[in-house]
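Asker: need the 3D shape of this:
(one chain, ligands or ions: 1)
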Amino acid sequence: MKILLVEDEAKIARFVRKGLETQGFSVTVSGDGDEAFALAAAGSFDVILLDIMLPGRDGLSILKELREHRNTVPVILLTARSEMNERVEGLNLGADDYITKPFFMDELLARLRAVVRRTSGETLSVLRSGPLMLNLITRHAQYGEEEIIFAPREFSLLEHLMRSPGKIFTRDQLLEQVWGYGFDPQTNLVEVCIRRIREKTDRDGEQFIETVRGVGYRFKPEGNRE
Ligand code: CA
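Answerer: Okay, here's the model as predicted:
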């Protein structure tokens with residue numbers, strides 16, 4: 001798997017490159033935004049790890065232009081703790097995930113694998129996570145042996161989150177991708193729908209959908225739930 005690592009801090013770039021190469025990934029490093037864009041646009045990478053503040057053009061403008069040109073290469077943003085707005089903007093521009101610096105290599109590897117798994121394009125008819133099962137053909141849901149009745153929009157929202165376990169969706173993305181709204185209807189539609197899903201799915205203290213404060217929601221990957 002070929003990874004483009006865009007990071008201008010030499011220390012971080014060295015650490016990440018080493019960690020990825022140890023796992024057998026092929027890594028190209030760029031510390032300059034203009035060069036990184038040219039490399040990314042040439043299109044021979046399986047994943048891009050993208051820093052935001054860079055000499056030359058910044059990470060978000062690179063991401064924006066790639067997506068405008070229908071380039072769907074998976075992108076994980078490498079963000080600083082203070083870059084909350086950039087993180088949300090990046091997700092809205094089509095980043096697949098983000099990781100906050102400093103991070104452990106294991107965490108980055110887990111996210112990389114999750115992103116690759118869900119972008120590798122397998123078609124599914126059933127989504128499962130622990131006891132929860134959605135049949136996408138019959139639109140039938142079960143918790144263990146018990147049937148769960150979801151309203152159509154609840155089913156669609158849960159399906160959308162469940163298709164990309166671990167990926168964070170902003171409220172705007174969900175409004176657009178699940179409701180088809182290109183505008184903010186100024187209501188708490190998303191919050192209400194999430195609450196109804198939780199009432200039906202969460203039991204024995206187990207929570208499936210996580211609220212990521214100030215950012216959005218994500219379906220907790222299996223093994224990550226409490
Ligand atoms: Ca930087």
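
Asker: residues making contact with the lowest-mean-pLDDT helix or strand in the chain?
Answerer: None of the helices or strands of the chain scores lower by mean pLDDT, DSSP states H and E than helix 105-119, at a mean of 86. Identification of contacts with helix 105-119 by Cβ atoms under 8 Å, 6 or more residues apart in numbering yields 1, 3, 15-16, 19-20, 23, 46-47, 49, 72, 74, 76, 96-97, 99, 163-167, 221. Quick note: C-beta positions are derived from backbone N, CA and C, even for glycine.

Asker: and the strands in the chain?
Answerer: 2-6, 26-30, 47-51, 75-80, 97-101, 126-129, 132-135, 140-143, 146-148, 209-212, 216-219 (DSSP state E).

Asker: quick one, which of these is nearest to residue 184?
Answerer: Evaluated with Cβ to Cβ, the strands of the chain place strand 216-219 nearest to residue 184, the distance being 13.7 Å.

Asker: residues of this protein that sit close to the ion?
Answerer: Neighbours of the ion within the chain, by Cβ under 5 Å from the ion: 8, 51, 53.

Asker: let's see that with 6 Å instead.
Answerer: 8-9, 51, 53-54 (Cβ under 6 Å from the ion).

Asker: write the PyMOL selection for whichever of these are buried.
Answerer: The buried residues among those can be selected in PyMOL (16 or more other Cβ atoms under 10 Å) with this line:
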select buried, resi 8+51+54
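
Asker: that older thread, from the contacts of helix 105-119, list the buried ones, please.
Answerer: 3, 15-16, 19-20, 46-47, 49, 74, 76, 96-97, 99, 164-167, 221.

Asker: what's the most buried one of the strands of the chain?
Answerer: Among the strands of the chain, the stretch with the highest mean neighbour count (mean count of other Cβ atoms under 10 Å) is strand 47-51, at a mean of 25.

Asker: packing partners for that strand?
Answerer: Applying 3 or more Cβ pairs under 8 Å, 6 or more residues apart in numbering; DSSP states H and E, we find strand 47-51 packed against strand 2-6, helix 59-68, strand 75-80, helix 105-119.
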